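Undergrad: Here you go, sequence then predicted model.
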Amino acid sequence: MLKYKHYGNSPFDLVLLHGGPGAFDSLNVFAKELAIGRGVILPRLEIESLYALLKELAALIEKRADHPVSLLGHSFGALVAIALAGAYPQLTKKIILVGCPALQSGYEDQLKINRQTKLEAAQRQHLKQLEDDLDKASSTVEQNVVFGKLGEFWEQVDGVDLLQLPAHKQEVSYQSYLDLWPQAVEWREKGKFVESCLQLQCPVVLIQGDHDSHPFSAPLKTFEEVGIDYTSYLLEKCGHSPWRERQTREEFFRILDQELL
């Protein structure tokens with residue numbers, strides 16, 4: 001069974017799915033905040049196959065959660081939420097997608113353009129150095145350290161007015177990224193996330209910041225093409241991780257409280 005953390009008190013009917021892949025620690029602080037007044041389960045999405053990941057998540061929910069559950073997926077975790085809800089509709093009562101990537105191919109160039117236009121000269125140089133350091137890393141520990149720095153780099157680029165995270169032990173895995181992200185790209189190219197959308201039987205909520213480099217129109221277009229009803233929120237002055245944004249986090253949590261009633 002997947003490793004997981006739990007916060008709050010029963011019923012444990014909210015499951016958070018982190019991004020990356022491999023950013024195991026990215027939702028730790030967020031999970032603790034959400035657990036005030038509710039029970040939260042935060043799985044560690046560490047496995048070599050997306051198919052196996054869905055199976056293990058379903059087993060975890062059946063054994064440890066009060067299902068059906070709400071799935072809240074951030075970034076890569078949003079893709080997992082859609083695939084899981086499509087494959088196991090009996091376990092899911094709602095999915096909330098935060099900073100959701102495109103579900104179909106054709107938006108990769110727009111994502112790159114959105115990111116590159118935000119970079120100043122010094123940031124471009126720093127990014128190149130981080131990418132070089134990752135290529136040269138000779139151990140798993142070194143790879144994970146640099147991978148974590150790259151993740152925070154893009155958080156800062158996409159962010160507007162970010163709160164600093166409290167000091168914590170870093171939990172990231174570059175190998176997990178290498179295992180799972182190419183599969184997610186392949187699923188997107190083969191239309192598997194669209195197939196998952198067609199199998200959804202629960203409400204869908206999308207929340208995204210207007211400064212997020214992921215095109216907000218991409219998942220919306222997919223839902224409209226397949227005829228899925230959804231509720232969407234575009235937060236102003238907000239990046240990829242709304243709970244870290246000083247100016248919009250209050251609105252973000254208000255929306256979550258409303259959607260998780």
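TA: In hand now; what should we look at?
Undergrad: Low-confidence stretches in this structure?
TA: Across the chain, residues meeting the criterion (pLDDT under 70) sit at 167-169.
Undergrad: any chance you could map the strands in it?
TA: Using DSSP state E, the strands assigned to the chain run over residues 4-7, 12-17, 39-43, 69-74, 92-98, 204-209, 231-235.
Undergrad: Tabulate the CA atom coordinates of the fifth one in CSV.
TA: Spelled out, that is strand 92-98. Once non-C-alpha atoms are left out, strand 92-98 reads as follows in CSV (Å, rounded to 0.1, in the frame of the first residue of the first chain):
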residue,chain,number,x,y,z
THR,A,92,-15.4,9.6,-5.6
LYS,A,93,-18.0,12.2,-4.8
LYS,A,94,-16.2,15.3,-6.2
ILE,A,95,-12.9,16.3,-7.8
ILE,A,96,-11.3,19.6,-7.3
LEU,A,97,-8.5,20.4,-9.7
VAL,A,98,-6.0,23.1,-8.7
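Undergrad: Return the distance of it from the chain's centre.
TA: Here the centre of strand 92-98 is set off from its chain's centre by 12 Å, with C-alpha atoms, centre = their mean, to the nearest Å.
Undergrad: Just give the number of residues close to Lys5.
TA: Counted with other C-beta atoms under 10 Å, the burial measure for Lys5 works out to 15 neighbours. C-beta: built from backbone N, CA, C; applies to glycine.
Undergrad: Next one: it from Ile41, what distance?
TA: For Lys5, the distance to Ile41 equals 8 Å [C-beta to C-beta, to the nearest Å].
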